[in-house]
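Engineer: Here's my sequence, what's the structure:
(chains A and B)
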Protein chains: 2
Amino acid sequence: MKCKRCRRAEAAVDLPSHHAAFCPDCFFLFFQRQVKEGIRKFRLLSPSDRVLVCVSGGKDSLVLWDVLMEMGYETEGLYIDLGIEGYSERSKEKVLAYAAARGKTPIVVDLAKEGVPIPEASRGARIPECSVCGTVKRYFFNRVASEGKFTVVATGHNLDDEAARLLGNLLHWHRDHLSRQHPYLPDSGAGLVRKVKPLWRVSELETASYGFLKGIDYVTEECPMSEDATSLVYKEVLSLIEEQMPGTRTVFYQGFLDPGNPFRRAPETRPRASGESATDTEDPEGAGTPRACASCGAPAWADICSFCRLKERVQRRRERRPERAPG
Amino acid sequence: MKCKRCRRAEAAVDLPSHHAAFCPDCFFLFFQRQVKEGIRKFRLLSPSDRVLVCVSGGKDSLVLWDVLMEMGYETEGLYIDLGIEGYSERSKEKVLAYAAARGKTPIVVDLAKEGVPIPEASRGARIPECSVCGTVKRYFFNRVASEGKFTVVATGHNLDDEAARLLGNLLHWHRDHLSRQHPYLPDSGAGLVRKVKPLWRVSELETASYGFLKGIDYVTEECPMSEDATSLVYKEVLSLIEEQMPGTRTVFYQGFLDPGNPFRRAPETRPRASGESATDTEDPEGAGTPRACASCGAPAWADICSFCRLKERVQRRRERRPERAPG
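Structural biologist: Next comes the predicted model:
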C-alpha cells in the first residue's frame, strides 16, 4: 500500500481512525501536526515556556520529549527513580541513554535517597502503590519545576490513557474527577505548576509507531507494581469498540472536552489571573488556594503536606521495625 | 450452594452484582422487589393505571407482562406483527400461547394489513429497518393506547439495554438523546401516552432467569433485521466490565439517573400538568406540543405525521413497481 499523502513511498503506518496510511516521513509530519493542534487548541504551551518533561522510560514520555524538542521547545527531562527493583534500573538506563544521545542530562530524583521508595512507602503507609506513587510524583513535579524555574510540567498521557480514564470516571460518575480531567490544568499561583498533556490527541498506536520509526529505545514492560486492572479493562473495551467503529475514541474524548459539555468545567487558559483556585491538587478534596507546608514549604491543604505526612509515616515504621538489608 | 436468603433450598440463580444467590422462590421475591422499587422510584405506575404491555415474544417483554400481572396491575398485551417472514410467525405464536395460558387475548396489530410490513416499508422508504420499526411501533403504541383508554404503555427494556444505550449516547455525546433517556417519559397531554420501563433495575441475566424458572416459553432468536451491531458491541463491553467489576452496570445507570447528574433533565413525575411538552417524540427534533396529523389525527410535528408519510412512500413505490407475489 502506498502512503496516502505523498503517494510515492510505501505506507508504514495504517490509521483506520483517520482513514489514512503513511510512510515514515509523512507519518512524522502527521504526528507533529496532531501534537501541534493539541497544544494550540488549549494553549498548552507557548514558545517562551521552559518545559519540564516527565520521563518514565516508557514510550509515551520519551516520544513526548522527542517531539517537543523537534518542535523547538526548551525542555529538560525529569526522571523519578521509584526504587522498584529491576524495573527502575532498566527504566533509568533507557532515559539516560535517550538523553545522552541528544546531549541532555535529565534531572534525576531518587526516591530511595528521599526516604520514600515506592514499595516501602506503600507498605509503611498502608496505601496502595499507585496512590503513593501519584502523591510522590505530583510533589516532585511541583518541587523540581519550582526549583528549576520551569513554567510548565508536561506528561506523556495519550488519547488511549485519557479516554480510558474518562470511561472509568463516567461509569462511576466521579463528578469531581470529571470536572478536573483535562489536558490543561492551570497553575494555582501558589506553588502548583501548570500541568499539560500535549499527546492528548494521539493514540497509543500512534505514539508506539512514532517511537518505533524514530528508533527510540524504551522499556516495554509495565510497572510491576501497577496491578491496576481497572484501567486496563477500560482500555481493552475501548479498543474493542474502536476496532468495530474506528474513530470512536477520538469522538468520545474530544466530545467530552467540548466547551458545551455539562461535565467539563472550562479550564482557565493562559494568561491566568493570580490567586486562582487549584484544579490539580495533591488533596482533591481541598478547595481554594493552598497554604505552605509547615515542614517543607510545598503547597498543602493541611498544616503538613501529604508528601511530608507520608514520609513521616514511613520513617516511623522504619524506626519501629527496621527492614533487614537484603541478602 | 444454599440460597442466601432462606438458607434452606439450593440456590438456583447466582447474582455476583448483588453478592447473592437465590433459590427459585426467593429469587421471584427478589425480582419482584427490584421491579417494585423501580416503579416506586420514579412513580412509573399507580394501582389505578390501565397498562398496555408491549410484547414482542422475547423474554423481557413476556417477563414484564408476567410480573405486572403478578403484582396485580390491570394489563393488556399488545403484539405488533412486523411482517418478517418466519420470525414474526414464531414470535406471535409464543405471545398467543403465553396469553392464552393466562386467559388473555392480546391486541394484535398486523403491519402487513396496515400497509407497512417492516421489510417492504424499509425498502420502499429507503430507511433502515430498525428506524422504520421504531417509527411504526411508537405510532401504534400511542394509537392503541388512545383507542383502548390505556393510561400508560410499558416496554420490557432491562438494565443491560438501558446501560448499553447510555454508553452509546455517551461515547458520541448525543446530548439530546441523553436528556431524553429515562425509564419514565411523561405523556404530552396531546395524544402521546406516558411510556415506562419497569424492568430498568433488573439485568438481562435476571429477566432470563425469571423467564426460565417460571417456565415462560419465548423466542430466543434475535430479530433477523436487527443487524444493529453497535448496540451489541456496547452490551458486550459492558458485560466484560461487569465480569471484572460486578455491580458496575448498576452504578453506571443509576448514577446517570441521579437528579444531580447534569445530563439528566428531571422528568416530570405524575401528576402531570396538561399541555406539557413531549419528551418522547416521533420526530425528536420537534419541540413543544404536537398538533394533529391532517391525515390520521395522530400527534404530529408536521402537517402529516411520520407514520402517514412513511405509509404514503411505501404505497407510491408499490404502485410504481408492484412486488411480485412470492413463489
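Engineer: who in chain A is up against chain B?
Structural biologist: Residues of chain A found near chain B (C-beta under 8 Å from any C-beta of the partner chain) are A:170-173, A:175, A:229-230, A:233-234, A:236-237, A:240-241, A:244-245, A:248, A:251-252, A:255-256, A:258, A:260-263. Where you see a C-beta, it was placed from the backbone N, CA and C, and this is true even at glycine.
Engineer: biggest strand in chain A, by residue count?
Structural biologist: strand A:74-81 (DSSP state E).
Engineer: List the buried residues in that strand.
Structural biologist: A:75-81 (16 or more other C-beta atoms under 10 Å in any protein chain shown).
Engineer: and what of stretch A:249-261?
Structural biologist: A:249-250, A:252-253, A:255-257, A:261.
Engineer: pLDDT on stretch A:318-327, on average?
Structural biologist: Confidence over stretch A:318-327 (mean pLDDT, whole number) is 66.
Engineer: Revised request: answer the last question for stretch A:34-53.
Structural biologist: 98.
Engineer: Can you measure across that stretch, start residue to end residue?
Structural biologist: Terminal residues of stretch A:34-53 lie 18 Å apart, using C-alpha to C-alpha, to the nearest Å.
Engineer: same question, stretch A:46-63
Structural biologist: End-to-end distance for stretch A:46-63, by C-alpha to C-alpha: 19 Å.
Engineer: before we move on, what about stretch A:109-122?
Structural biologist: 18 Å.
Engineer: Give me the residues contacting the very next helix or strand once past the longest strand of chain A.
Structural biologist: Where DSSP states H and E defines the elements, the next helix or strand beyond strand A:74-81 is helix A:87-101. Helix A:87-101 has contacts (C-beta atoms under 8 Å, 6 or more residues apart in numbering or on different chains) with A:55-58, A:62, A:65, A:77, A:79, A:81-82, A:105-106, A:108, A:216-219, A:221, A:223-224.
Engineer: and helix A:87-101 with strand A:74-81, angle?
Structural biologist: Helix A:87-101 runs at 160 degrees relative to strand A:74-81, counting by axes from the mean of the first three to the mean of the last three C-alpha atoms, to 10 degrees.
Engineer: List the buried residues of helix A:87-101.
Structural biologist: In helix A:87-101, counting by 16+ other C-beta under 10 Å, buried: A:87-88, A:91-92, A:94-96, A:98-99.
Engineer: nearest to chain B, of the buried residues of stretch A:249-261?
Structural biologist: Chain B lies nearest to A:Gly255 out of the buried residues of stretch A:249-261, by C-beta to the nearest C-beta, at 3.5 Å.
Engineer: The closest one and B:Gly247: what is the separation?
Structural biologist: Relative to B:Gly247, A:Gly255 is positioned 27 Å away (C-beta to C-beta, to the nearest Å).
Engineer: Strands - which of the contacts of helix A:87-101 land there?
Structural biologist: A:77, A:79, A:81, A:108.
Engineer: Out of those, name the two that are farthest from one another.
Structural biologist: A:Gly77 and A:Asp81 (12.9 Å; C-beta to C-beta).
Engineer: got the end-to-end distance for stretch A:122-130?
Structural biologist: 9 Å.
Engineer: what about the helices in chain A?
Structural biologist: Assigned by DSSP state H, the helices in chain A fall at A:24-41, A:59-70, A:87-101, A:118-125, A:129-147, A:159-171, A:175-180, A:204-213, A:229-244, A:248-257, A:306-320.
Engineer: Any idea which of those helices gets closest to B:Val314?
Structural biologist: B:Val314 sits nearest to helix A:229-244 of all the helices of chain A, at 31.7 Å, using C-beta to C-beta.
Engineer: Could you name the helices and strands sitting against the closest one?
Structural biologist: Judged by 3 or more C-beta pairs under 8 Å, 6 or more residues apart in numbering or on different chains; DSSP states H and E, the packing partners of helix A:229-244 are helix A:159-171, helix A:248-257, helix B:229-244.
Engineer: which sections of chain A are below the confidence cut-off?
Structural biologist: A:227-229, A:264-288, A:322-327 (pLDDT under 70).
Engineer: distance of the most centrally placed residue in chain A from A:Asn169?
Structural biologist: In chain A, the C-alpha nearest the mean C-alpha coordinate belongs to A:Thr155, at 3.2 Å (C-alpha atoms, centre = their mean). Look at A:Thr155 and A:Asn169: by C-beta to C-beta, they are 18 Å apart.
Engineer: Tell me who's in contact with A:Arg317.
Structural biologist: Residues near A:Arg317 by C-beta under 8 Å, 6+ apart: A:123-125.
Engineer: I figured A:Lys4 hits A:Ala21, correct?
Structural biologist: Yes: using C-beta atoms under 8 Å, A:Lys4 is in contact with A:Ala21, at 5.3 Å.
Engineer: any shared contact partners between those two?
Structural biologist: The contact sets of A:Lys4 and A:Ala21 overlap at A:Ala11 (C-beta under 8 Å, 6+ apart).
Engineer: thinking A:Glu129 is in contact with A:Val136, fair?
Structural biologist: No: here A:Glu129 does not reach A:Val136: they are 10.5 Å apart, not a contact under C-beta under 8 Å.
Engineer: With neighbour numbers in mind, choose between the two.
Structural biologist: Neighbour totals were compared for A:Glu129 and A:Val136, and A:Val136 leads with 23 against 20 (other C-beta atoms under 10 Å in any protein chain shown).
Engineer: Can you report how many residues lie near A:Gly247?
Structural biologist: A:Gly247, neighbours per other C-beta under 10 Å, totals 12.
Engineer: Skip the chain neighbours and tell me the closest residue to it.
Structural biologist: Closest residue to A:Gly247 apart from its sequence neighbours, by C-beta to C-beta, 6 or more residues apart in numbering or on different chains: A:Ser17 at 4.4 Å.
Engineer: who touches that neighbour in this structure?
Structural biologist: A:203, A:242, A:246-247, A:249-250 are the contacts of A:Ser17 under C-beta under 8 Å, 6+ apart.
Engineer: got it, and A:Leu15?
Structural biologist: A:Leu15 sits next to A:21-22, A:205-206 when contact means C-beta under 8 Å, 6+ apart.
Engineer: Looking at the stretch 51-200 of chain A, which residue is nearest chain B?
Structural biologist: Closest point on the stretch 51-200 of chain A to chain B, by C-beta to the nearest C-beta, is A:Trp173, at 3.5 Å.
Engineer: wait, isn't that residue in contact with B:Gly255?
Structural biologist: Yes: with contact defined as C-beta under 8 Å, A:Trp173 reaches B:Gly255; the gap is 3.5 Å.
Engineer: Could you pull out the residues contacting both of those two?
Structural biologist: Joint contacts of A:Trp173 and B:Gly255 (C-beta under 8 Å, 6+ apart) are B:Asn261.
Engineer: so A:Val153 bridges to which residues?
Structural biologist: Beta-bridge partners recorded for A:Val153 (DSSP bridges): A:Leu52, A:Lys195.
Engineer: show me what contacts it?
Structural biologist: A:51-52, A:54, A:78, A:141-142, A:145, A:193-196.
Engineer: make it 6 Å
Structural biologist: A:52, A:141, A:145, A:193, A:195 (C-beta atoms under 6 Å, 6 or more residues apart in numbering or on different chains).
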